[in-house]
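Q: My questions concern the predicted model and sequence given below.
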Amino acid sequence: MEEYVASQIQLGFEIAEAETLWGSGDGTGHWNVQYYAQHINMKASDYKSSNGAKQHVTCFLGITPSFDSSSEESIKDWNSVLDSIVDLYNCSPLGKQHGSLLCIVDIFAKLVGMMTNHCAKEMKDVCMLEEL
């Protein structure tokens, strides 16, 4: 559990530092239970580099059970996952040391695109995220 919390705090920090974000999500069902997986892509600090270089990274946000496979539920899932990251980061010593609160609105403002498989449902998700 400690590793999960630490990874969420680090992810919050990297999101706060990122200039732009790309999202990706997809769902599936198993025995009448819907699941939704999410990723974000961004440029984050290369911790192996001594010159402060950034590299493109893909961050797995998790797989969560979803009420159904609708776009409305997908948006709720995005909000839920990102709210959790924001809350953990803002309450952490790293978040407090950073000096500014991370807000979910800021995350959506940095979201410049979504990677989809071009199905109608994913396209509707993108349109709904644009309206947020």
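A: Alright, I've got the coordinates. Residues are numbered from 1 along each chain as shown.

Q: what's in contact with stretch 49-58?
A: Outside of stretch 49-58, the residues within contact range by Cβ atoms under 8 Å, 6 or more residues apart in numbering are 14, 39-46. The way it works is simple: take the backbone N, C-alpha and C, and place the C-beta from them, glycine included.

Q: Which members of these occur in strands, if any?
A: Among the contacts of stretch 49-58, the residues falling in strands (DSSP state E) are 39-45.

Q: just the residues you listed: which has the poorest pLDDT?
A: Within the set of the ones in strands among the contacts of stretch 49-58, pLDDT is lowest for Ser45 (77).

Q: Show me what it is bridged to.
A: Beta-bridge partners recorded for Ser45 (DSSP bridges): Lys54.

Q: where does it sit relative to Pro65, distance-wise?
A: To Pro65, Ser45 is 33 Å away according to Cβ to Cβ, to the nearest Å.
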